[in-house]
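Peer 1: need a structure here:
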Amino acid sequence: MLKRFRHSKKSGQALVELAIVFPFFLIIIFGGIIDFGFAFYNFLTLQQLVGDTAKYWAVSGADDMAVAQNYALTQKPSWWSESFLVSADPPEKLQNQGPKLKVGTDSDAYVYKVMASYESPLYTPFYQTLAEKLGGKASLTLRAQASFKKPVYMRQF
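Peer 2: Presented below is the predicted three-dimensional model:
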């Protein structure tokens, strides 16, 4: 004689629990993808901006650091807030390290260095709360630095 197994009344319990909990997991996963995707995009933008600013400052021939700061502020994306900061070191002449290139020496060059930081906001409430508890603010601090070496003159042979 075959016994028939009775299905218990709990047969749909796991499916109901999954239906209740699954949206929260999706919010956390997709929210993280969105927040860190924006942060990565902002970091790449900041890195490009700092590199362009260092090159512009060196090519402009100005020794005033305000030239670099003004250029960076005019080139930043319009949606970036006041949490965007730019600083620059005065151009410094490289020490004589002997000839390394046929067109001059490293002692004939100046290095222009630009640094910048930006507070990239977090948009998902879960990650905003997590960042506030861990770091005290609901944003990620992004920093970038770039240097551009400009020779003083080029020798001709």
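Peer 1: backbone phi and psi for Tyr118, please?
Peer 2: For Tyr118, the backbone dihedrals (degrees, to the nearest 10) come out as phi -150, psi 140.
Peer 1: quick one, what contacts it?
Peer 2: Counting by Cβ atoms under 8 Å, 6 or more residues apart in numbering, Tyr118 touches 42, 46, 80, 83-85, 141-142. (Each C-beta comes from the backbone N, C-alpha and C, glycine too.)
Peer 1: try Ser83
Peer 2: By Cβ under 8 Å, 6+ apart, the residues touching Ser83 are 118-119, 139.
Peer 1: return the member of those nearest to Phe38.
Peer 2: Nearest to Phe38 among the contacts of Ser83 is Ser139, at 10.7 Å by Cβ to Cβ.
Peer 1: the closest residue to the closest one other than its chain neighbours: neighbour count?
Peer 2: If the residues on either side of it in the chain are set aside, Ser139 comes closest to Glu119, at 4.2 Å by Cβ to Cβ, 6 or more residues apart in numbering. Residues near Glu119, counting by other Cβ atoms under 10 Å, number 18.
Peer 1: same deal with the one 5 residues further on?
Peer 2: Number of residues near Thr124 (other Cβ under 10 Å) recorded here: 18.
Peer 1: ok, now Ser117?
Peer 2: Ser117 has 16 neighbouring residues, counting by other Cβ under 10 Å.
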